[in-house]
Each structure stands twice: as structure tokens, then as C-alpha cells.
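>>> no sequence on hand, only this structure:
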Ligand SMILES: Nc1ncnc2c1ncn2[C@@H]1O[C@H](COP(=O)(O)OP(=O)(O)OP(=O)(O)O)[C@@H](O)[C@H]1O
């Protein structure tokens with residue numbers, strides 16, 4: 001991760017790509033004193049997954065529910081979001097990421113983009129991979 005802007009993570013189902021990898025990054029940034037800058041986005045193809053994974057990760061961290069004052073985790077899906085200015089790890093749908101890119105081509109302030117479930121090869125996921133790759137933003141897929 002420290003040597004490459006783009007990383008591909010492959011692992012068995014249930015090995016923790018979705019729930020653990022973003023937390024490794026978050027914890028590493030906090031431990032290295034960069035927690036204040038940390039702003040990770042992890043995309044999910046479906047809104048239900050974005051919400052339930054955010055809840056699961058907040059629970060694993062013994063934090064209150066996503067988007068509340070006591071949590072660093074949040075989610076953002078179409079017509080629903082739970083996040084605040086303290087959110088450091090945001091689970092969102094792929095469509096929300098694409099909308100953010102359209103609004104701000106450089107994704108200013110975002111430190112890491114994780115495009116999950118790329119094997120699904122949907123049009124949205126392909127677009128997200130391409131657009132993030134073009135901008136050379138740190139990405140794990
Ligand atoms: N919402 C949840 N509630 C309960 N357990 C969960 C939840 N989400 C994940 N887990 C558990 O956490 C572990 C890691 O799951 P995770 O989704 O991070 O794996 P993954 O490698 O991303 O899997 P996949 O390739 O299927 O997406 C698994 O044992 C899974 O059953």
C-alpha cells in the first residue's frame with residue numbers, strides 16, 4: 001500500500017475484504033498520527049450491503065451506530081445517509097461514488113477509495129474503476 005497507488009486484494013469469501021481492509025487502513029492512519037486527514041470511501045454494489053456493512057463495522061469497533069457522534073463509520077446511499085464531519089470511513093453505493101466524481105473530479109479530501117465486489121462487472125463498477133484509476137487516487141479493489 002505504501003509503495004503503490006492501486007492495489008488489488010483477492011481473498012476467499014468471508015475473509016474480511018469488505019469489513020477488515022478499510023479498518024486496517026483507518027487504524028494505521030490513526031496510529032501514525034494521520035487520523036485527522038483520513039477519509040476512506042468503500043463502495044458496495046447494493047444499498048442494503050452498504051448500510052449493513054457500515055453497521056457491522058461500527059459494531060466491531062464498539063462504536064455507536066454509523067453517522068452518530070460516537071462513530072467514525074458512516075454510510076451514504078440514494079435518499080439515505082448516516083454520516084457527519086467526524087466520519088472517516090464511509091460505505092456508499094457505487095452510484096454515489098460516481099456522483100461524487102462528477103461533482104468533484106479530483107475527489108478532494110478523499111484519501112482512499114475502495115471499489116468492492118469488482119468481480120460483479122456491472123457497468124457502474126467498471127465506470128468507477130476507470131474514473132478512479134484515471135485520477136491515480138489510492139484504490140483497493
Ligand atoms: N452484517 C454482518 N453481520 C454479521 N456478520 C457479518 C456481517 N458482515 C460481515 N460479516 C462477517 O464478517 C466476516 C468477514 O466478512 P466480509 O464481508 O468482510 O468478507 P469478504 O472477504 O468481503 O467476503 P465477500 O468476498 O463475500 O464479499 C465474515 O465471517 C462475515 O460472515
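Perfect, thanks for sending it. A quick note: this is a predicted structure, and the numbers were derived from the prediction, not measured. Residues are numbered from 1 along each chain as shown.
>>> just checking, what packs against the longest helix seen in the chain?
Assignment by DSSP state H gives helix 47-60 as the longest helix of the chain. Of the remaining helices and strands, those touching helix 47-60 by 3 or more CB pairs under 8 Å, 6 or more residues apart in numbering; DSSP states H and E are helix 21-31, strand 40-44, strand 73-77, strand 80-82, strand 89-93. The way it works is simple: take the backbone N, C-alpha and C, and place the C-beta from them, glycine included.
>>> how about the residues of the chain near the ligand?
With the criterion set to CB under 6 Å from any ligand atom, the chain comes near the ligand through 11, 13-20, 52-53, 56.
>>> just the buried ones from those, in PyMOL syntax?
Below is the selection syntax for PyMOL that covers the buried ones among the residues of the chain next to the ligand, with 16 or more other CB atoms under 10 Å defining burial:
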select buried, resi 17+18+19+53
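>>> I'd like the residues of the chain next to the ligand as CSV, with pLDDT appended.
Below are those laid out as CSV (pLDDT from 0 to 100):
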residue, pLDDT
11, 87
13, 89
14, 91
15, 91
16, 91
17, 91
18, 93
19, 96
20, 96
52, 98
53, 98
56, 98
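>>> and the furthest pair within the residues of the chain next to the ligand?
Across the residues of the chain next to the ligand, the longest distance by CB to CB is 19.4 Å; it joins 11 and 52.
>>> appreciated, that's everything.
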